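Chemist: Sequence plus predicted model, see below.
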Number of protein chains: 2
Amino acid sequence: MSGAAESHAPVPESAAAGGGGAWEREVVDFYIHLAQAFSLPKSVGAIFGILFASPRALALDDIVERLSISKGSASSGLKLLQRVGAVQPTYEPGDRRTRYVPEMSIRRLLTGLLQETVTPHLRRGAAQLESLAPLLNEFPPDERKILAARLRALNTWQGKAKRLLPFVLGFLGRPLRRAKIDPGGGDESGA
Amino acid sequence: MSGAAESHAPVPESAAAGGGGAWEREVVDFYIHLAQAFSLPKSVGAIFGILFASPRALALDDIVERLSISKGSASSGLKLLQRVGAVQPTYEPGDRRTRYVPEMSIRRLLTGLLQETVTPHLRRGAAQLESLAPLLNEFPPDERKILAARLRALNTWQGKAKRLLPFVLGFLGRPLRRAKIDPGGGDESGA
DNA sequence: AAGATGGTTCAGAATTTTCTGAACATTCCG
DNA sequence: CGGAATGTTCAGAAAATTCTGAACCATCTT
């Protein structure tokens, strides 16, 4: 593999020098914005983007170079992406460096991300909810009634949230045919 | 006085002085954590929490006082919550202050939040995607093949994401019966 | 109209998050 | 073993976000 599109040199990379630059820039830009939608660091989006934009797996050094970020950033960014399953390391015989490829299954992508971000909070919340009910006893009946209703709502949320995740994953797993489910309000979607 | 559980005085509030404090604290704490799960400012979670914890609608001053935050914070926090539809203003005749009540429908809550956070990014992304395809022409055939496949995947994601939102809302709208969807595996699937 | 009341805005302070760069491990190679 | 190649860690720098407090606007009361 020495062949391949190395970019150790400080000059333009690979076959697609002129146009390739634009492609990389645009893809990276796209993922930087996407990352921010999830409030992840820009560098994380950029790293995923550069992997996505490259037809071959890249190693840490390649990333550092192409994005002009520090080794530290690249290292921890890759670690995060690995943890949520957004990139996978590939080990090729005869190459000491770990190279990474982007995960292409949106399902696995989302699974990992949610597992990492919301699930723990969900769990924590569930625990805390239990300790809440007894505190209502201090309130006079009329107020207690209102608050008890809210507490019930909170439990409902919790329940729905718990079920929502598998549901969503089920949806993402299916082939993209027309989904024949017609959600209630059918919001404007298009908009 | 207009009765109600005012708390203009610097002393314990309302009927539930001793216990009420604990209730408020716990609820606020709960929502602060929830807010962080969505990476919203703590103050925003706290504001929603204090509204949720109170059997009566609260005005800006009440919030400032009970949470010991600045008027500025409270004002902009409330504005954000209003924008995403998480709280609603109530105007009572003979009272100049706007009071706020928390939204209790998880569906409306999520709708607003998503509308505010992900939808715009989704839109932006869709636009950008179009401009991406032509850039592939610069690549040699073998690389182009790989990248074209990725671009297709990206379009699929986009499509799924678009459909996902209404789908989720449909789910949230339904009563909490047993959902008979059985998503693939347990969930951690494969790692 | 003067003064109180309710609320918004915004410049700078405080805090939190992210990034850098260099020191430190570890493994491979000769 | 000595040195080079890969990577990780972490203290402090840099950047971004959030909060405060005071000035300001608008409306109501007298």
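Modeler: On my side now, so go ahead. What you are looking at is a predicted structure, and each value in this text was computed from that prediction instead of being measured.

Chemist: which SS state does residue A:76 fall under?
Modeler: With DSSP: H, G, I helix; E, B strand; the rest coil as the basis, residue A:76 sits in helix.

Chemist: same question, residue A:101
Modeler: Under three-state DSSP, residue A:101 comes out as strand.

Chemist: Looking at it now. What's its pLDDT?
Modeler: Residue A:101 is assigned a pLDDT of 98 by the prediction.

Chemist: ok, now which ones touch it?
Modeler: Contacts here follow Cβ atoms under 8 Å, 6 or more residues apart in numbering or on different chains; on that basis residue A:101 touches A:51, A:57, A:87-88, A:90. In this view, the C-beta of every residue, glycine as well, is placed from N, C-alpha and C.

Chemist: domain parsing for chain A?
Modeler: A:18-102, A:106-173 (automatic domain parsing).

Chemist: How about the longest one and DNA strand C, touching?
Modeler: What it means is domain A:18-102. Yes: residues of domain A:18-102 are located near DNA strand C by Cβ under 7 Å from any atom of the strand, namely A:39-44, A:68-73, A:76-77, A:96.

Chemist: Just those: which are in helices?
Modeler: A:42-44, A:71-73, A:76-77 (DSSP state H).

Chemist: number of nearby residues for residue A:164?
Modeler: 20 (other Cβ atoms under 10 Å in any protein chain shown).

Chemist: give me the element it is part of.
Modeler: Using DSSP states H and E, residue A:164 sits within helix A:141-173.

Chemist: other SSEs contacting that helix?
Modeler: helix A:106-130, helix B:106-130, helix B:141-173 (3 or more Cβ pairs under 8 Å, 6 or more residues apart in numbering or on different chains; DSSP states H and E).

Chemist: Out of these, which gets nearest to DNA strand D?
Modeler: Across these, the minimum distance to DNA strand D, taken as Cβ to the nearest atom of the strand, is reached by helix B:106-130, at 12.0 Å.

Chemist: Just give the nearest non-adjacent residue to the residue most central in space within chain A, would you?
Modeler: By Cα atoms, centre = their mean, the mean C-alpha position of chain A lies nearest to residue A:113, the distance being 4.1 Å. Closest residue to residue A:113 apart from its sequence neighbours, by Cβ to Cβ, 6 or more residues apart in numbering or on different chains: residue A:84 at 5.1 Å.

Chemist: which stretches of chain A have low pLDDT?
Modeler: A:1-20, A:176-191 (pLDDT under 70).

Chemist: give me the residue from chain A nearest DNA strand C.
Modeler: residue A:72 (2.1 Å).

Chemist: could you measure that residue against residue A:87, distance?
Modeler: Distance, residue A:72 to residue A:87, using Cβ to Cβ, to the nearest Å: 17 Å.

Chemist: Show me which of the two is the more surrounded one.
Modeler: A side-by-side neighbour count of residue A:72 and residue A:87, using other Cβ under 10 Å, places residue A:87 first with 25 against 9.

Chemist: Thought residue A:102 was touching that one, still the case?
Modeler: Yes: the criterion here is Cβ atoms under 8 Å, and residue A:87 meets it with residue A:102 at 5.5 Å.

Chemist: Give me the common contacts of those two.
Modeler: A:48, A:51.

Chemist: Could you tell me how many residues sit around residue A:128?
Modeler: Close neighbours of residue A:128, defined as other Cβ under 10 Å, add up to 15.

Chemist: Ok, residue A:103 next?
Modeler: 21.

Chemist: State the distance from it to residue B:39.
Modeler: 22 Å.

Chemist: same check, this time on residue A:77
Modeler: Applying Cβ to Cβ, the value for residue A:77 to residue B:39 is 17 Å.

Chemist: what about the two, which has more around it?
Modeler: A side-by-side neighbour count of residue A:77 and residue B:39, using other Cβ under 10 Å, places residue A:77 first with 25 against 11.

Chemist: show me the contacts for the more buried one.
Modeler: With Cβ under 8 Å, 6+ apart, residue A:77 has these contacts: A:41, A:43-44, A:46-47, A:69.

Chemist: now with 7 Å?
Modeler: A:43-44, A:47 (Cβ atoms under 7 Å, 6 or more residues apart in numbering or on different chains).

Chemist: now swap in residue A:147 and tell me
Modeler: Residue A:147 is in contact with A:136, A:139, B:55, counting by Cβ under 7 Å, 6+ apart.

Chemist: what does chain A have sitting close to DNA strand D?
Modeler: With Cβ under 7 Å from any atom of the strand as the criterion, chain A comes near DNA strand D at residues A:59-61, A:71-72, A:75-76, A:78-79, A:95-99.

Chemist: Now a ChimeraX select for only the buried ones of these.
Modeler: Under the burial definition 16 or more other Cβ atoms under 10 Å in any protein chain shown, those of these that qualify are selected in ChimeraX by:
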select /A:59,60,78,99
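
Chemist: Spatially nearest residue to residue A:75 (excluding sequence neighbours)?
Modeler: Residue nearest to residue A:75 in three dimensions, not counting chain neighbours: residue A:60, with 6.5 Å by Cβ to Cβ, 6+ apart.

Chemist: isn't the one you found right up against residue A:74?
Modeler: Yes: Residue A:60 lies in contact with residue A:74 (Cβ atoms under 7 Å); the separation is 5.5 Å.

Chemist: Generate a markdown table for the helices and strands packed on helix A:141-173, with distance to residue A:155 as supplementary columns.
Modeler: Shown next, in a markdown table, are the helices and strands packed on helix A:141-173 (distance: least, Cβ to Cβ, whole Å):
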| stretch | distance to residue A:155 |
| --- | --- |
| helix A:106-130 | 6 |
| helix B:106-130 | 11 |
| helix B:141-173 | 15 |
